[in-house]
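Asker: need a structure here:
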Amino acid sequence: MASASFCGLICMQPQSPDGDPCVACAERWNPPTIRRPSTSQIPKLVVLQQMELTSSESSPSPKEPHEIFEGMPIEIVGRIFEHSIRSDNPDWPLKLPFKLGSVCSQWRQIAWSTPSLWTDVLFSIEKINLSRRIDLLEEIIPRSGTLLLTLRLTGVGLFDGKSHPPESFKTSDDFQRFTRCLYDCSRRWHSLDLNLFDMSYIIPLFQLLPDAPNLKKLQVFLFTLDVDTVGEGSPAIDIDFAALAPNIQAFNVSYHPNLSKLSLCWDKLIELSLGDTISEIIAATQRSHILRRLFIVNRESEQPVTLPHRTLCTHTNLRSIHIEDAHQAIAFFSSVVVPNLEDLSLSTGDVNGISLAAALERSCRGRTLTRLKLYNVRMGDDVQSSKGILAVLSVLPSLIELDLSYQHSPGKAEDYCGVVFRTFGSDKRALLPNLQVFHLEASSSDHDDFQFLGNAFTHIQHFSSPLREFTVTLQVHRRQTWMEKMAVLVSLDTGLSRQIQAFQSKGRVIRVLMKHGLSQTHDIVPLSKVV
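Answerer: Residues are numbered from 1 along each chain as shown. Okay, the predicted model is just below:
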């Protein structure tokens, strides 16, 4: 029998009759065709290539992992490790430093002996491999030493699609070992975040609260709460948090069937997060006279907001408000006076900008509000949106930081940015005389990558003189290659580069960040290379 000839590239399939690789190997082996740059782009690409070569030639030879921190105190290295695993978002837990320990034995020794790296624990209660997961939990918690702990317990969709875990699981040896592990460290609880199934599943964990004297923050989010089963006489109402956890300063709950019966030490509460009607939330806030931070959580089942018929109440200590459904903001600020409000964040929804501006003017007069964030907030069509943003900004003369984010529809990102930049017209100096930080975040569609960048940088010379930082974050829907990132910079024309250079020459900061999904943002190639 004649021996077969194989292509030898990737697979061991026979060659084609002409002696070429098989079709599958040829398709995988050949690099993709790269579009030839235009004549105007070639000089700038050559300069960028020379910069990259010069940078690589002048850079020192890479060190081995164990040589990077040679001679540095272990405490300093531990702090560096802590910053490397900490998320930009304070609500996201630290990444456990197992990857640090896998680099080399020295890194492992430092990571394993640095208690501050193990104080933020995320544990997922899953039916699969639960025993091994608890083994790992029993290893992690002792590494935190005597430091206070932040525990985040999650579990959803983990029991064959059932919304409630079976009773057999709650009484199993694994679950008993899990609760015993938590009990052993309960005196070191500082923050407890329960994102679990239902109140009947969470209540056994509440029985450990009396043994947690250092607990300051409690968050309860119910994934599959059946409102019909949580009513009068439900354990959700009968829990006396004032007695079980008297030192709680921050209480966050996604839903409570009757806020009037919520038992807390209100005189100690400085942070509150609730999901209910505006009327009920306002009534609840009046029970705390030192409240500083308020989060109003969106409930999909809520009826259209109506203005509460009550006398205006005043919160002199309230400094920060986050409203998850923007259309609730008008009802809230029409009923509450917050003369010292500093930070306002509105997320997702349609709102009448002119009405919102009037409510803000009555409630806080904009005298102390220094930070405003609008996330996916729509103010009507193109014309109405422009007027609405102008109306809101006109009542906020003390604004220092402005954060505008629009990711609702990638195809509308360009239109939204157009509204924003038309808003910052010739009169914006009078509107925002104290603005120092401006952050714009928008989606980028695959077929229209970063077109609004040109509009963004074209308008930077019109901002008032105090502006010291301008950031554009691109929310992409697929990971960009290095060539695509470079194409963004190449698209900046010479005139735009001069504008950026003039902005940076005054000690100001311009950043272009890219974010994919929930991953952390990171800089595209620094703009200083093209100016």
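
Asker: for stretch 125-145, which positions count as buried?
Answerer: Buried positions in stretch 125-145, judged by neighbour count with 16 or more other C-beta atoms under 10 Å: 125, 130, 133-134, 137, 140-141, 143-144. C-beta: built from backbone N, CA, C; applies to glycine.

Asker: which among the residues you listed gets closest to I281?
Answerer: Of all the buried residues of stretch 125-145, I281 sits closest to I125, with 30.0 Å by C-beta to C-beta.

Asker: and the closest residue in space to that closest one that isn't next to it in sequence, how many neighbours?
Answerer: For I125, ignoring the flanking residues on the chain, the nearest one in space by C-beta to C-beta, 6 or more residues apart in numbering is G155 at 3.8 Å. Residues within reach of G155, counting by other C-beta atoms under 10 Å, total 18.

Asker: With L372 instead?
Answerer: 20.

Asker: is it true that it touches L344?
Answerer: Yes - using C-beta atoms under 8 Å, L372 makes contact with L344 at a distance of 5.4 Å.

Asker: give me the number of residues near L262?
Answerer: Neighbour tally, L262, other C-beta under 10 Å: 20.

Asker: contacting residues for T370?
Answerer: Contact analysis of T370 by C-beta atoms under 8 Å, 6 or more residues apart in numbering lists 342-343, 398-401.

Asker: What is the nearest of those to Q219?
Answerer: Checking those one by one against Q219 (C-beta to C-beta), the nearest turns out to be D343, at 19.5 Å.

Asker: Report pLDDT for the residue lying closest to that closest one once chain neighbours are set aside.
Answerer: Of all residues not flanking D343 in the chain, S320 sits nearest, at 4.1 Å (C-beta to C-beta, 6+ apart). With respect to pLDDT, S320 scores 92.

Asker: sorry, back to before: pLDDT value on the residue nearest to I125, please?
Answerer: 70.

Asker: So which of the buried residues of stretch 125-145 are in helices?
Answerer: Among the buried residues of stretch 125-145, the ones falling in helices (DSSP state H) are 130, 133-134, 137, 140-141, 143.

Asker: Now the two most distant members of those residues.
Answerer: Longest span within these, C-beta to C-beta: L130 and R143, 20.8 Å.

Asker: State the mean pLDDT of stretch 344-362.
Answerer: 87.

Asker: list the buried ones in it?
Answerer: Neighbour-count burial for stretch 344-362 flags 344-349, 351-361 (criterion: 16+ other C-beta under 10 Å).

Asker: one step back: reformat the contacts of T370 as a markdown table; add distance to P466 and secondary structure.
Answerer: Formatted as a markdown table, the contacts of T370 follow (distance: C-beta to C-beta, whole Å; DSSP: H, G, I helix; E, B strand; the rest coil):
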| residue | distance to P466 | secondary structure |
| --- | --- | --- |
| E342 | 18 | coil |
| D343 | 19 | strand |
| S398 | 12 | coil |
| L399 | 11 | coil |
| I400 | 8 | coil |
| E401 | 11 | strand |
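
Asker: If you rank these by neighbours, which is first?
Answerer: Neighbour max across the contacts of T370 (other C-beta under 10 Å) = L399, 23 neighbours.

Asker: how far away is the nearest residue to P115 once chain neighbours are set aside from S288?
Answerer: In space, P115 comes closest to G145 once its chain neighbours are excluded; the distance is 3.7 Å by C-beta to C-beta, 6+ apart. In this view, G145 and S288 are 34 Å apart by C-beta to C-beta, to the nearest Å.
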